[in-house]
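>>> no sequence on hand, only this structure:
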């Protein structure tokens, strides 16, 4: 019997090395080498990374829909609903405004756009002039200055899905999130026990797609190598050198936010910093490798609930909300980028301008929910337009360095979202009382 069990465990044990840190390290080194030295090879293996990222994203919407609807429904039927809603309404706005203010203050103090050399300014100007015709057309089309006052209103109106099936098929994450919230609230307000089978179905969907995510972790080294090689093959050395001050300041802000978030999680989880860093390994690696915060969502939830012992019901509810809606990394980036552009154009910074930058960056960051690529960066117009600064003259600069910034911006979205969840969720402190009445709310 023992021999039989050992034989059954052989395939699993033989694949565990794919999930080890050494395997990840080798894939990173190989990806860096291919991306910097062998661009044709990077282009050839690009479909591997695209396929891996597609498989991860395939699981996101089912997990999002089932987790949010189930968690809100269970929460509405519990006695703690009012408490958690109050926490969300306090923590979310405070955290977003705090992150925006922090980025603005650091960017003002470090001054990445001040006192640039003539050679650097010429390099930046040349990069703008080298931008493609298609890019220039996209810049001058969708973001005219005259419509600056309607952008936020349009964003709020477009949050509501007219057709949920269309939103699902097109991957409109924010609309799916709004539907899941409304559906979960209505489901939770239905009295009686006839909703329990639907809760069980949603719970099963959530567990099934989490199992798929667990299988995909074995393919992470291959996807990581491909994605990293493709990104590095697109970075030009001249662009990096001319924007080096802004890149260094921005990455420094992201690093500071990562450390702050880790300390907050450590405090709330009552764990050591080393234990928290170990628990955050999977979402951190996924964020840097995939540059997709949604692809990191299952790993972030598992890290908070399974590794750090936060309450599952609250974790399932708050983590998708904070990562999908708050978009802390984008808020931080837009705040720092706006200050950089203001310094580049030598625009004075007074109290009114400061308020516009801080609040505008929050709305611009929230507007990036469900948006990828160059469309993410165009949301910078929500902040620049009220300041009468030209988006079309500087956007190409941010597009050029985005392969460097994007992984760390994604990591900041995920990490700060996890810290926000930790501020709201309680620790699960009843593992030994399985018969307690409250445990039926949402089983683990």
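Perfect, thanks for sending it. Only a predicted model underlies this, so the values are computations on that prediction, with no experimental measurement involved.
>>> average pLDDT for the longest helix seen in the chain?
Longest helix in the chain, counting residues (DSSP state H): helix 46-77. Helix 46-77 carries an average pLDDT of 78.
>>> isn't residue 172 right up against residue 163?
No: between residue 172 and residue 163 there is no contact under C-beta atoms under 8 Å: 10.0 Å. C-beta here means a position set from N, CA and C on the backbone, and glycine is covered the same way.
>>> mind checking which of those two has more residues around it?
Neighbours per residue (other C-beta atoms under 10 Å) separate residue 172 from residue 163, with residue 172 holding more: 22 against 12.
>>> measure that one to residue 379 for me?
16 Å (C-beta to C-beta, to the nearest Å).
>>> and what of residue 92?
From residue 92 to residue 379 the distance is 19 Å (C-beta to C-beta).
>>> so which of these two has more stuff around it?
Neighbours around residue 92 and residue 379, counted as other C-beta under 10 Å, are more numerous at residue 379. The numbers are 24 against 18.
>>> my guess is that one contacts residue 361. True?
No: with contact defined as C-beta under 8 Å, residue 379 does not count as touching residue 361 (9.8 Å).
>>> overlap of the contact sets of these two?
Shared contacts of residue 379 and residue 361 (C-beta atoms under 8 Å, 6 or more residues apart in numbering): residue 334.
>>> point out the other helices and strands that the very next helix or strand once past the longest helix of the chain packs with.
Remark: after helix 46-77, the chain's next helix or strand is helix 81-110, criterion DSSP states H and E. In terms of contacts (3 or more C-beta pairs under 8 Å, 6 or more residues apart in numbering; DSSP states H and E), helix 81-110 is packed against helix 244-269, helix 312-321, helix 328-344, helix 351-366, helix 395-424.
>>> quick one: the first one to helix 328-344, angle?
Same thing as helix 244-269. Helix 244-269 and helix 328-344 are oriented at 150 degrees to each other (axes from the mean of the first three to the mean of the last three C-alpha atoms, to 10 degrees).
>>> got the angle between the longest helix of the chain and helix 312-321?
Using the same axes, to 10 degrees: helix 46-77 against helix 312-321 is 130 degrees.
>>> buried sites along helix 46-77?
48-49, 52-53, 55-56, 59-77 (16 or more other C-beta atoms under 10 Å).
>>> re the thing from before, the helices and strands packed on helix 81-110: which one's closest to residue 32?
The closest of the helices and strands packed on helix 81-110 to residue 32 is helix 395-424. By C-beta to C-beta, the value is 12.7 Å.
>>> quick check: mean pLDDT across the closest one?
On average, helix 395-424 scores 85.
>>> if we can go back for a sec, which of the helices and strands packed on helix 81-110 sits closest to residue 30?
helix 395-424 (16.8 Å).
>>> tilt between that closest one and helix 328-344?
Using the same axes, to 10 degrees: helix 395-424 against helix 328-344 is 140 degrees.
>>> pick out the residue nearest the middle of the protein.
residue 293 (3.2 Å; C-alpha atoms, centre = their mean).
>>> quick one, what contacts that one?
Residue 293 sits in contact with 287, 323-324, 327, 329, 410, 413-414, 417, where contact means C-beta under 8 Å, 6+ apart.
>>> SS state for it?
On the three-state scheme (DSSP: H, G, I helix; E, B strand; the rest coil), residue 293 is labelled coil.
>>> ok, the residue lying closest to residue 284 once chain neighbours are set aside - how many residues close by?
With sequence-adjacent residues excluded and distances taken as C-beta to C-beta, 6 or more residues apart in numbering, residue 284 is closest to residue 411, at 6.3 Å. The tally of other residues near residue 411 (other C-beta under 10 Å) stands at 26.
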